[in-house]
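[1] Need the 3D shape of this:
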Amino acid sequence: MPDALDYEVLGRAIEGWARELGFQQIGIADTNLDDYAPAYRRWLAERLNGDMGYLARNVDKRLAPGKLQPGTIRVITARMDYLGTTPPAATDLPANDGRAEVARYARGRDYHKTVRRRLARLATRIEAATGGRFRAFADSAPVLEKPLGEKSGLGWIGKNTLLLNEEAGSWFFLGEIYTDVPLPVTPPRPQPGCGSCRACITVCPTQAITAPGKLDARRCISYLTIEHKGSIPEDLREPIGNRVFGCDDCQIVCPWNRFATRSPEAEFAPRHGLDRAAIADLLGWDEATFLAKTEGMAIRRVNYRQWVRNLAVAAGNAPADPAITAALRRRRTDADDMVREHIDWALARQCP
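    Below is the predicted model of the structure:
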């Protein structure tokens, strides 16, 4: 490592390099996550992670970055805004008018690829300047992103469990660079917090936010439509409405998101009309079409049978429409038992 590095100057330079690469903000934290460990372990003990067993693995590495990447003493956290369209107003909640709702983060290119590629370039540039070791992550390893983001001064963890930023709301991705270079820690600044606001808790369609800062993933629409592989509990189907991949409701109503702006990244712009697609049209996609249309997108986190299952739930919640009914019947012919169960539920509601 070069001698006599001015780490304060280097820290400012890193911020400039990050902005050149499309990040809106960075922060630097130490690796002590002891304050977050008890709540995380309680959450796992209560099995609120549902089927996401990976969150219960490598807990020691999540809580101690130096165990994941030996020698790590600092974590650079970077924020990249992702809204590919005009930010929604607080009243722009999904209404099932026959169109499908895809979470805004998933309408464009898969963020994992974009964020991690940019982080790797940033890490390479810092490494050339310092000779230290750097490793970049973008939701790709056992990393506690939101606690590290909070420690890095990028915001605070809100009542909806998302990281909130007073200048940008919550419509952003996070990525991290672990390093053994003693960079200056970002000075903490007072965070305004959520105060008495309960908008996110009140609006959650399935009451998945059980207390401020506590999420029961088993009830969360994002979990049910993405992580969950099997049958969606019948009592949760109607509250899901037309949300076929993820859910944005707790972000839409958050007052801090009035400060959010549209992302300059063309890669995050909606593809294939997925910001306004009709349920009947999406049900018309066979598996080959689904794979072709979603190539390079985060929607690939679900397989085709999950996709049809989710569309069937949305169809069952949609106004009666002969086009939806016909599409459901066509999809039923080659569906397996799990998917057929959801299609039959939808048909019963479309044709009572």
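
[2] and the closest residue to G284 other than its chain neighbours, what helix or strand is that in?
    Among residues not flanking G284 along the chain, A327 sits closest, at 5.8 Å (CB to CB, 6 or more residues apart in numbering). C-betas here are computed from N, CA, C, even on glycine. When secondary structure is defined using DSSP states H and E, the element that contains A327 is helix 322-332.

[3] tell me which residues in that helix are buried?
    Of the residues in helix 322-332, 324-325, 327-328, 331-332 count as buried by neighbour count, 16 or more other CB atoms under 10 Å.

[4] do stretch 272-280 as well
    For stretch 272-280, the buried set under the neighbour-count rule, 16+ other CB under 10 Å, comprises 272, 274-275, 277-280.

[5] Tell me how many other residues surround the residue nearest to P184 when sequence neighbours are not counted.
    Closest residue to P184 apart from its sequence neighbours, by CB to CB, 6+ apart: G11 at 4.8 Å. G11 is flanked by 17 other residues according to other CB atoms under 10 Å.

[6] what sits against G11?
    Shown here is G11, whose contacts under the criterion CB atoms under 8 Å, 6 or more residues apart in numbering are 28, 183-184.

[7] Check what pLDDT it gets.
    In the prediction, the pLDDT value recorded for G11 is 88.

[8] returning to what we had before: using PDB, list the CA coordinates for the helix holding A327.
    Output of helix 322-332 as PDB, limited to C-alpha atoms (Å, rounded to 0.1, in the frame of the first residue of the first chain):
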ATOM      1  CA  PRO A 322     -63.900 -12.300 -21.300                       C
ATOM      2  CA  ALA A 323     -60.300 -11.800 -22.500                       C
ATOM      3  CA  ILE A 324     -58.900 -12.700 -19.000                       C
ATOM      4  CA  THR A 325     -61.200 -15.700 -18.700                       C
ATOM      5  CA  ALA A 326     -60.100 -17.000 -22.100                       C
ATOM      6  CA  ALA A 327     -56.500 -16.500 -21.300                       C
ATOM      7  CA  LEU A 328     -56.900 -18.400 -18.000                       C
ATOM      8  CA  ARG A 329     -58.500 -21.300 -19.700                       C
ATOM      9  CA  ARG A 330     -55.700 -21.500 -22.300                       C
ATOM     10  CA  ARG A 331     -53.000 -21.500 -19.600                       C
ATOM     11  CA  ARG A 332     -54.900 -24.100 -17.600                       C
END
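
[9] Name the surrounding residues that touch that helix.
    Around helix 322-332, the neighbours that count as contacts under CB under 8 Å, 6+ apart are 98, 278-280, 283-284, 308, 311-312, 315, 318, 339-340, 343-344, 346-347, 350-351.

[10] Just the buried residues of stretch 272-280: which are in helices?
    Of the positions in those, 279-280 sit in helices, assigned by DSSP state H.

[11] which two of the buried residues of stretch 272-280 lie the greatest distance from each other?
    Farthest-apart pair in those is D275 and A280; separation 16.7 Å (CB to CB).

[12] related to what we said a few turns ago, the residue nearest to P184 sits in which helix or strand?
    With the criterion set as DSSP H and E, the secondary-structure element containing G11 is helix 7-20.

[13] What residues of that helix count as buried?
    Counting neighbours by 16+ other CB under 10 Å, one finds that the buried residues in helix 7-20 are 10-11, 14-15, 17-18.

[14] OK, contacts around I157?
    Applying CB under 8 Å, 6+ apart, one finds that I157 lies in contact with 146-147, 150, 163-164, 213.

[15] How about the secondary structure of the residue positioned nearest the centre of the chain?
    Compute the mean C-alpha point of the chain, and by CA atoms, centre = their mean the closest residue is Y105, 6.7 Å away. Assigned with DSSP: H, G, I helix; E, B strand; the rest coil, Y105 falls in the helix class.

[16] That one and R41, how far apart?
    Between Y105 and R41 the computed distance is 28 Å (CB to CB, to the nearest Å).

[17] Please apply the same query to Y223.
    Here Y223 is placed at a distance of 20 Å from R41 (CB to CB).

[18] Compare those two and say which is more crowded by neighbours.
    Set side by side, Y223 and R41 show unequal neighbour counts under other CB under 10 Å, the larger going to Y223 at 22 against 13.

[19] Please spell out which residues along the lengthiest helix in the chain are buried.
    Taking DSSP H as the criterion, the chain has its longest helix at helix 111-130. Within helix 111-130, the residues that count as buried by 16+ other CB under 10 Å are 111-112, 114-116, 118-123, 125-126, 130.

[20] And for stretch 200-211?
    Judged by neighbour count (16+ other CB under 10 Å), stretch 200-211 contains these buried residues: 200-201, 203-206, 208-209.

[21] what about it, average pLDDT?
    Per-residue pLDDT values across stretch 200-211 average out to 98.

[22] and if you look at stretch 340-352?
    Over the span of stretch 340-352, the pLDDT mean works out to 96.

[23] Can you tell me what sits against it?
    231-232, 234, 237, 308-309, 312-313, 315-318, 320-321, 324-325, 328-329, 331-332, 335.

[24] Over to stretch 132-144?
    If you take CB under 8 Å, 6+ apart as the criterion, stretch 132-144 is touched by 1, 33, 36, 40, 54, 57-59, 61-63, 65, 68-69, 71-72, 111-112, 115-116, 119-120, 122-124, 126-127, 145, 173-181.
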